[in-house]
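> Predicted model and sequence follow; I will ask about them next.
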Amino acid sequence: MRSESAVLAALDEVFAEKLHIEVPSADTDLLESGILDSFQFVELVLQLELRFGFKIDIDEIDLEDLRTPARIGRLLARQREAAAAAQ
Amino acid sequence: MTALLQQAVSAQARARPDAVAVVAADGARLTYGAIEDTSNRLARLLAASGCRRGDRVALLMPKLPAAIVAMLGVLKADAIYVPLDPAGPAARLARMLELSEPAFVLAAGAVGPMLGATLAAAALERAPAIGWLDGVAPPEPAPAFALRDLAALPPLAPEYANTEEDVAHILFTSGSTGLPKGVMITHASVMRFLRWANAYFGTAPGERVSQHPPFHFDLSTFDVYGTLSAGAELHLVPPELNLLPPGLARFIRDSRLTQWFSVPTVLTLMAKLDAVKQNDFPELRRVLWCGEAIPTPTLIYWMRRLPHVRFTNLYGPTETTIASSFYTVPRCPADPRERIPIGTACEGDELLVLDAMRRPVRAGELGELYIGGAGLSPGYWRDPEKTRSAFVARPGGAGPQDRLYRTGDLGRRDADGLFYFAGRRDSQIKSRGYRIELGEIEAALNALPDLEESAVVTLATEGYEGSAICCAYVPARGVRVSAEALRRRLSGLLPAYMLPGRWLRWDALPKNANGKIDRPRLREEFARAARPEVERRRA
């Protein structure tokens, strides 16, 4: 749980400081609302990799994993654990 | 005789009625016979509903097969279609409706709220009739007809009064004063490109061709009519896959595409996340891009991964129809700094580099790119002034019909006759393949109440992204407003691709000796802010 909330906090920072987008809540649908576009998504992935120091396995990602900040948070927490376990 | 676009498609429908013409994002397949019959019926329904030759019909639809049927149906009614971006925003679409005064709006899919908001925001003398071509129509705005009404009509092609010199569609592009401008495209202009392109690329029946750019973007014209006039399959790429470059790669793989055509940005995103495997997409024959210069590192990535594929750069503004020049890259560039030429003119087109007096410059010298030939649009919809300033008589030419389009692009021709793009002479930019007038962004910013002043500049970013749109702003006295909030408000006025990605708050914008905003200084500050070691916040 700890890593998940840390990821959420980092997400908030990246949204505000790097992408300049306003995400009202962790359950906002980023795809439906058109808040996130492809460029910003790729930027988000690269920024999170930079921040957390592990490589995100993009092939393992499903579109549904990206629908809300909460889901992105869970996905990244999962990937982070997998990355840690692989080391 | 195939002088009109729809006739080129009908010829294929006669030759291969049972062949697949369109593959939808959900996998549904429509045959040539089916799109022919449905579009014939739609043309008859439009005519029966009062659609006259030369009437405009706006299309507001997501990427659905219904959109292809709608385009053909409108053409078969001797009318002109105006594709609108289903992503809006409504305020901008409303201006396009006011300018084009459509007699009908054909809608499909989940566009009900956008359609309602657009009609509410548009000042129109006569409300257009709504035709709903897919799914269930919302109760408001009430449709005049729906898909089920088509069944009552005979599936026979009507007689056409149009000739190839008539306008087939109007495509809106960004305008420097904040008002989008409509480029009129004739049947003949598109046909001339298809004749060259389908011969050059050898597009054959049964091929599987991508349809990636949105329908309001002129590249989609090539996908749709190039494919359907060749008897090949058009594969609609689900737009949500854009969020996930590996998803796009999977789509190319699973659909066994033989041709991929998109803006370079899409190729770049796939490269950036390393979505293409070595020798991936074994059935892919061609990768084409247009809309802006491809970053050479992107091209190197793709050419190394896919040695079996032919890579072709196309160049040309909307005003000269799809593309005017081409360059097939002969071998993988050795140096990532190498510039990729825009090549040589397509058959029937002409490229010239002229100086400020419109005299030809010598090989190697910088000038402005002008385009002549059969691709030239008759001009901007109901805007003779803008038309006159962009479409000029050829110096020493055969009169007013002998026109050149002044692109605003700078360029040069080398000793071998290859043309190179070398930037813009004005503040038009390309971002993610979209053509954007910075003036349109500034006009939208000026419409926001919370700003004292603002300015938009662009910053060339390293390698991949192309131009980053940067906004410097000064909040109105006593107002606290964040960049995120400004961005959100701006998104009600501008499409997402026009929204600035970088923001800096100032207490007052820097001015030069003439009292004008010091844009070079702004660019410097944005460049400095982009470097991670520098503190971002400004005092």
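Thanks, I have the structure now.
> before we move on, which element is the most centrally placed residue in chain A in?
Of all residues in chain A, the one closest to the mean position by CA atoms, centre = their mean is A:Ile72, 4.2 Å from it. Here A:Ile72, judged by DSSP states H and E, is contained in helix A:69-86.
> One more: B:Leu97?
helix B:90-100.
> does any bit of that helix sit next to chain A?
No - when contact is scored as CB under 8 Å from any CB of the partner chain, no part of helix B:90-100 falls within range of chain A; the minimum is 12.9 Å. For the C-beta atoms, the positions are set from N, CA and C on the backbone; glycine is no exception.
> Run the chain-centre distance for the helix or strand following that helix.
For helix B:90-100, the following helix or strand on the C-terminal side (DSSP H and E) is strand B:104-107. Shown here is strand B:104-107, whose average C-alpha point lies 20 Å from the average C-alpha point of the whole chain (CA atoms, centre = their mean, to the nearest Å).
> got it, and stretch B:370-384?
The gap between the average C-alpha position of stretch B:370-384 and the chain average comes to 16 Å, counting by CA atoms, centre = their mean.
> ok, and for it, which residues are buried?
Of the residues in stretch B:370-384, those buried under the neighbour-count criterion (16 or more other CB atoms under 10 Å in any protein chain shown) are B:370-381, B:383.
> cool, stretch A:31-48 as well?
Buried positions in stretch A:31-48, judged by neighbour count with 16+ other CB under 10 Å: A:31, A:35-45, A:47-48.
> Would you mind listing the outside residues contacting that stretch?
A:7, A:10-11, A:14-15, A:18-19, A:21-23, A:28, A:30, A:56, A:58, A:63, A:66-67, A:72, A:76, B:87, B:240, B:242-245, B:265-266, B:269, B:272-273, B:432, B:465, B:496-497, B:501 (CB atoms under 8 Å, 6 or more residues apart in numbering or on different chains).
> Go again with 6 Å.
Outside stretch A:31-48, the residues that touch it by CB atoms under 6 Å, 6 or more residues apart in numbering or on different chains are A:14, A:18-19, A:21, A:30, A:56, A:67, B:242-243, B:269, B:272, B:496.
> any idea of the mean pLDDT for that stretch?
Averaged across stretch A:31-48, the pLDDT comes to 75.
> returning to that earlier point: sort out for me which of the buried residues of stretch B:370-384 are in strands.
Within the buried residues of stretch B:370-384, residues falling in strands by DSSP state E are B:370-373, B:379-380.
> Can you name the residues of chain B that neighbour chain A?
Listed as neighbours of chain A in chain B under the rule CB under 6 Å from any CB of the partner chain: B:242-244, B:246, B:269, B:272-273, B:483-484, B:487-488, B:496, B:503.
> Highest neighbour count among the residues you listed?
Neighbours here are counted as other CB atoms under 10 Å in any protein chain shown. On that basis the top member of the residues of chain B next to chain A is B:Leu269, with 26 neighbours.
> mind checking how far that one is from A:Arg51?
Between B:Leu269 and A:Arg51 the distance, using CB to CB, to the nearest Å, works out to 20 Å.
> in its sheet, what does the helix or strand bottoming out on mean pLDDT in chain B sit against?
Confidence across the helices and strands of chain B bottoms out at strand B:428-431, with a mean of 84, counting by mean pLDDT, DSSP states H and E. Taking DSSP bridges as the criterion, strand B:428-431 sits next to strand B:434-437 (antiparallel) in its sheet.
> Present the contacts of stretch A:31-48 as a markdown table; the columns should include secondary structure and distance to B:Ala123.
Output for the contacts of stretch A:31-48, formatted as a markdown table (DSSP: H, G, I helix; E, B strand; the rest coil; distance: CB to CB, whole Å):
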| residue | secondary structure | distance to B:Ala123 |
| --- | --- | --- |
| A:Val14 | helix | 41 |
| A:Lys18 | helix | 39 |
| A:Leu19 | coil | 35 |
| A:Ile21 | coil | 32 |
| A:Leu30 | coil | 34 |
| A:Ile56 | coil | 48 |
| A:Arg67 | coil | 37 |
| B:Asn242 | helix | 34 |
| B:Leu243 | helix | 36 |
| B:Leu269 | helix | 39 |
| B:Lys272 | helix | 44 |
| B:Ala496 | helix | 25 |
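> quick one: which of these is nearest to B:Leu438?
Comparing those against B:Leu438 with CB to CB places B:Ala496 closest, at 16.3 Å.
> In contact with the closest one: list those residues for me.
A:Asp37.
> what's the answer for B:Arg16, then?
By CB under 6 Å, 6+ apart, the residues touching B:Arg16 are B:32, B:231.
> Okay, buried residues for stretch B:75-92 please.
With the criterion 16+ other CB under 10 Å, stretch B:75-92 contains buried residues B:75-92.
> Tell me where the model's unsure across chain A.
Low-confidence segments of chain A, defined by pLDDT under 70: A:1-3, A:33-34, A:87.
> Up against chain B, what does it have?
Within reach of chain B by CB under 6 Å from any CB, chain A has these residues: A:16, A:20, A:22, A:37-38, A:41-42, A:58-59, A:63.
> 7 Å - rerun?
Counting by CB under 7 Å from any CB of the partner chain, the positions of chain A adjacent to chain B are A:16, A:20-22, A:31, A:34, A:36-39, A:41-42, A:58-59, A:61, A:63, A:66.
> ok, B:Ala123 touching B:Glu98?
Yes - the pair B:Ala123 and B:Glu98 passes the contact test of CB atoms under 7 Å, sitting 5.9 Å apart.
> who has more neighbours, these two?
Counted by other CB under 10 Å, B:Ala123 and B:Glu98 do not tie: B:Glu98 has more neighbours, with 14 against 8.
> show me the contacts for the more buried one.
Contacts for B:Glu98 were tallied using CB atoms under 7 Å, 6 or more residues apart in numbering or on different chains; they are B:122-124.
> and with 10 Å instead?
The contact partners of B:Glu98, taken as CB atoms under 10 Å, 6 or more residues apart in numbering or on different chains, are B:121-125, B:179.
> Next, give me the two most distant ones among the residues you listed.
B:Glu125 and B:Leu179, at 18.3 Å, using CB to CB across the contacts of B:Glu98.
> So if I had to pick from those two, which one is more boxed in?
The residue with more neighbours, out of B:Glu125 and B:Leu179, is B:Leu179; 19 against 6, by other CB under 10 Å.
> The residue lying closest to B:Asp409 once chain neighbours are set aside pairs with what?
With CB to CB, 6 or more residues apart in numbering or on different chains as the measure, B:Leu369 is the residue that lies nearest to B:Asp409, at 4.5 Å, once sequence neighbours are left out. For B:Leu369, the beta-bridge partners under DSSP bridges are B:Val353.
> So B:Thr258 is in contact with B:Leu234, correct?
No - counting by CB atoms under 10 Å, B:Leu234 is not a contact partner of B:Thr258; they are 11.8 Å apart.
> between those two, what contacts are shared?
Each of B:207-210 lies in contact with both B:Thr258 and B:Leu234 under the rule CB under 10 Å, 6+ apart.
> Might you report the residue contacts of the residue of the stretch 301-450 of chain B found nearest chain A?
Going by CB to the nearest CB, chain A is nearest to B:Arg432 of the stretch 301-450 of chain B, at 6.4 Å. Shown in contact with B:Arg432 (CB under 10 Å, 6+ apart): A:37-39, B:242, B:263-266, B:268-269, B:291-292, B:465-467, B:496-498.
> returning to what we had before: by pLDDT, give me the weakest of the buried residues of stretch B:370-384.
Per-residue confidence across the buried residues of stretch B:370-384 is lowest for B:Ala374, with 92 (pLDDT).
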